[in-house]
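> when you get a sec, could you give me coordinates for this:
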Amino acid sequence: MLKTSRAAELPAFLAMDVHAAANRLKASLPAGAPPVLHMEVGQPGTPAPEGARRAVEAALRDGLPLGYTDAMGRASLRERIAAHYTDWYGAPVDPARVVITTGASGAFPLAFLAAFDPGDRVALVSPYYPPYVNILRALGLVPVVLEATASHRFQPTLDMLERLDPPPEGLIVASPGNPTGTMLHRDDLVAIGDWCAANFVRLISDEIYHGLNWDVAISTAAGVPGAVVINSFSKYFSMTGWRVGWMVVPDDLVRPVECLAQNFFICAPHISQLAAEAAFDCHAELQENVARYRRSRALLIRALPQAGFPRLSPAEGAFYLFADVAGRTNDSVAFCRRMLAETGVAATPGVDFDAARGRHFVRFSYCGPEADVREAAARLTRFKEAVSFT
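Prediction:
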C-alpha cells in the first residue's frame, strides 16, 4: 500500500466540521423553514469595509495589473501596518519587520518553521485554538500543553512557566484568546515577555482579535525582544474570505521568513492587499461593527444563563463565550449535534479546544448579525428543558 504521512493523520478542526454540517442542514431545509443560525465560527456577519471594497472596484475598473507582489507584501501596506503600531500602541515598528501573509493561518507555519526545528518544544495553555497544536505536530514540533482554568482567566501565568524544566524553545500566547475571550493584561504580558527573554524562549503572540476588547486595554508584544506577533484582517477588519494577515518579526527572522514565504506562498493575494490597505481608513465603520458585537455580547451574557448555560468565561475580548455545560452533558459533541438538529443553532464543542476537559464546554460565537444572536438566544431558552444528557 502507498503510505500517507503522519501529518495526514491530524485531527479535524471541528469548528469547520460543524460549519459544514450546518450548511448541509441549511441546504436540506424546505422553503420558509426557520434559518440555521451560525454561532460555530468566528466569521463576522458584516462585510469588508466600504473603503476596502471601493479600492478593489477602482483597481479592477482601471485595469491595475494584479501580479505577484514581493513575498513580504506591498511596501505601502507594510508601511501602513507599521504606522498602525504607533497609532494604536505607541510602539514604533520598522516596516522592514512587517510580513504580509495569507491570513493568520498562513503566518503560523512561517513563524514556526523560521523559529523552531523538529523536536523543539513549544508551550501553550489549554483551551487553545486547535490549529496551533495541529500545525506544530505536522511540522514535527512538540506541543507542551499547560492546563489553565477560569481562576487563571485561561491564560498562562509566570508560575506555570517557571515550573517548566527545562524551558521550552517557544511559547504561544493569544490575547484576546480563542475560545475563551480572555486577555493577558499589560503587566502580565510584560512579565511573560521578560521571562521569555531571560530563558531564551521565542514568544509567538497571536493578536488577531485586537480591536475587539471590551473592558481591558489591549497590549502588543511587538516590543518584546525576539517575539513574533501575528495579526489578521479577518476579525476586527471583517475580511475573513480575503485571506490577508501580517506578522511583525524580529530582525533575525526577517530573511528566513522571506525565503520561506517565497517558496511556500509566493505572496498574499495582490487584490486583498489593496483592500487591506484601504481598510485602515475605515475605522469609523469598523467601530460600528464593534458596537454591534458589544451589544450581542451583553445580550448573551444576560440570556445564556437563563437558557441553561450559567457558567461563562470572562469574555474580555474577541467575540466568543466559552460555556461550561458540565451540568447538562459529558459529551459536548453529542450536545452540539443535538442542539443543531433540534434548534438550528450551530455551536462548537469544547473538545476542539481541549480534548479532555472540552467534553464539558461549548463555544458560542456572537459576531453574526444581531438579529441572529437574539433569535439564537430565544431558541436556546426553549431548548433548555428538552435536553437532559448525563
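
> could I get the full set of strands for the protein?
Per DSSP state E, the chain carries strands over the ranges 37-38, 98-101, 121-126, 142-147, 170-174, 202-206, 228-232, 245-248, 311-312, 320-324, 345-346, 348-349, 361-365.

> what distance separates the start and the end of stretch 4-16?
For stretch 4-16, the first-to-last residue distance is 23 Å (Cα to Cα, to the nearest Å).

> the strands of the chain into JSON lines, with extra columns for mean pLDDT and distance to Pro49?
C-betas here are computed from N, CA, C, even on glycine. Below are the strands of the chain laid out as JSON lines (pLDDT from 0 to 100; distance: least, Cβ to Cβ, whole Å):
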{"stretch": "strand 37-38", "mean pLDDT": "95", "distance to Pro49": "21"}
{"stretch": "strand 98-101", "mean pLDDT": "98", "distance to Pro49": "18"}
{"stretch": "strand 121-126", "mean pLDDT": "98", "distance to Pro49": "32"}
{"stretch": "strand 142-147", "mean pLDDT": "97", "distance to Pro49": "36"}
{"stretch": "strand 170-174", "mean pLDDT": "98", "distance to Pro49": "24"}
{"stretch": "strand 202-206", "mean pLDDT": "98", "distance to Pro49": "23"}
{"stretch": "strand 228-232", "mean pLDDT": "98", "distance to Pro49": "15"}
{"stretch": "strand 245-248", "mean pLDDT": "98", "distance to Pro49": "16"}
{"stretch": "strand 311-312", "mean pLDDT": "94", "distance to Pro49": "30"}
{"stretch": "strand 320-324", "mean pLDDT": "96", "distance to Pro49": "22"}
{"stretch": "strand 345-346", "mean pLDDT": "96", "distance to Pro49": "26"}
{"stretch": "strand 348-349", "mean pLDDT": "94", "distance to Pro49": "27"}
{"stretch": "strand 361-365", "mean pLDDT": "96", "distance to Pro49": "20"}
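
> in a markdown table, list these along with mean neighbour count.
Formatted as a markdown table, those follow (neighbours: other Cβ atoms under 10 Å):
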| stretch | mean neighbour count |
| --- | --- |
| strand 37-38 | 24 |
| strand 98-101 | 28 |
| strand 121-126 | 22 |
| strand 142-147 | 16 |
| strand 170-174 | 25 |
| strand 202-206 | 24 |
| strand 228-232 | 28 |
| strand 245-248 | 27 |
| strand 311-312 | 16 |
| strand 320-324 | 24 |
| strand 345-346 | 24 |
| strand 348-349 | 28 |
| strand 361-365 | 27 |
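
> got these as CSV, with distance to Ile271 columns?
CSV is the format used below for the strands of the chain (distance: least, Cβ to Cβ, whole Å):
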stretch, distance to Ile271
strand 37-38, 26
strand 98-101, 13
strand 121-126, 34
strand 142-147, 35
strand 170-174, 29
strand 202-206, 25
strand 228-232, 17
strand 245-248, 15
strand 311-312, 39
strand 320-324, 30
strand 345-346, 30
strand 348-349, 30
strand 361-365, 27
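
> so which of those gets nearest Ala15?
strand 348-349 (4.5 Å; Cβ to Cβ).

> does anything pack onto the worst-scoring helix or strand of the chain on mean pLDDT? Which helices or strands?
Each helix and strand of the chain was given a mean pLDDT (mean pLDDT, DSSP states H and E); the minimum falls on helix 14-28 at a mean of 88. Packed against helix 14-28 by the contact rule (3 or more Cβ pairs under 8 Å, 6 or more residues apart in numbering; DSSP states H and E) you find helix 332-343, strand 345-346, strand 348-349.

> cool, thanks, signing off.
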